[in-house]
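Trainee: Coordinates only, no sequence provided:
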């Protein structure tokens with residue numbers, strides 16, 4: 001088996017191992033959570049507005065709700081469970097020492113676990129996007145579905161790389177570090193009207209949402225949230241983030257002597 005197929009083999013092994021009742025239940029929860037909330041919002045709006053209800057006029061608030069619930073919440077929750085503990089689970093399972101004895105073993109496992117986290121979370125998030133789009137039932141629902149699909153893909157790849165890096169840097173308190181980063185940076189700093197929020201992933205994703213959906217009014221009213229940069233800038237910076245985060249994670253995992261469970 002060559003080095004190109006090893007990460008895929010790790011991914012397939014991890015996905016097969018995920019077919020347990022608990023993990024399948026988590027997958028369905030990640031799908032059902034945004035769908036239930038969007039359904040509730042849609043029904044309440046219909047009841048309150050009555051005959052004045054217009055699906056096309058509701059697309060912006062519902063679209064924003066779908067964006068926050070799926071690319072910014074469901075994706076992050078799924079990746080927290082899969083990408084963050086990539087190293088710590090091997091250490092706790094006393095299998096890390098065997099990986100370090102193999103040529104490029106650490107890198108191949110890390111990339112394989114990265115792909116596993118992306119595929120597992122992406123499948124749940126895409127299912128949620130499709131079901132929410134059906135619930136919204138808007139004349140431009142297909143456009144919203146396509147935009148959110150792209151944002152979900154970007155969110156999964158970039159956030160998975162970020163959480164993987166956190167997992168290699170803070171292997172002793174992995175989940176605590178990842179949760180703290182998510183709350184402080186992605187859910188607080190990204191909304192601060194200052195230069196610092198432009199270095200967050202969610203700021204870039206919100207900018208792409210406003211650009212691709214052509215929500216110019218929302219951008220003009222809340223420029224610090226949606227930004228005013230072109231699409232190419234957002235995509236380039238997200239690409240740089242993926243390369244940077246994965247590069248740091250791979251460097252860290254090759255240069256660090258992680259302790260076994262007995263040593264820890």
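Mentor: Yep, it's here. Everything quoted here is computed from the prediction, not taken from an experiment.

Trainee: buried stuff in the longest helix belonging to the chain?
Mentor: If you go by DSSP state H, the chain has its longest helix at helix 105-136. Buried residues in helix 105-136, defined by neighbour count with 16 or more other CB atoms under 10 Å: 105-129, 131-133, 135-136. From N, CA and C alone the C-beta is placed, and that goes for glycine too.

Trainee: go on, stretch 30-41?
Mentor: Those would be 30-31, 33-35, 37-39, 41, for stretch 30-41 by 16+ other CB under 10 Å.

Trainee: can you give me how far the very next helix or strand once past the longest helix of the chain is from the chain middle?
Mentor: Going down the chain from helix 105-136, the next helix or strand is helix 141-169, by DSSP states H and E. Computed by CA atoms, centre = their mean, to the nearest Å, the chain-centroid distance of helix 141-169 equals 4 Å.

Trainee: got the contact list for the very next helix or strand once past helix 141-169?
Mentor: Next along the chain after helix 141-169, taking DSSP H and E as the criterion, comes helix 174-181. The contact list for helix 174-181 (CB atoms under 8 Å, 6 or more residues apart in numbering) reads 80, 84-85, 87-88, 162-163, 166-167, 169-170.

Trainee: Stretch 245-255 now?
Mentor: Identification of contacts with stretch 245-255 by CB under 8 Å, 6+ apart yields 87, 106-107, 110-111, 114, 158, 161-162, 164-165, 167-169.

Trainee: mind putting those in a markdown table, distance to residue 21 included?
Mentor: What follows is the contacts of stretch 245-255, written out as a markdown table (distance: CB to CB, whole Å):
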| residue | distance to residue 21 |
| --- | --- |
| 87 | 26 |
| 106 | 31 |
| 107 | 32 |
| 110 | 27 |
| 111 | 28 |
| 114 | 25 |
| 158 | 30 |
| 161 | 29 |
| 162 | 29 |
| 164 | 26 |
| 165 | 31 |
| 167 | 25 |
| 168 | 30 |
| 169 | 32 |
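
Trainee: Would you point out the most distant pair within these?
Mentor: 106 and 158 (22.1 Å; CB to CB).

Trainee: in what helix or strand does residue 81 lie?
Mentor: Short version, using DSSP H and E: residue 81 is in helix 75-82.
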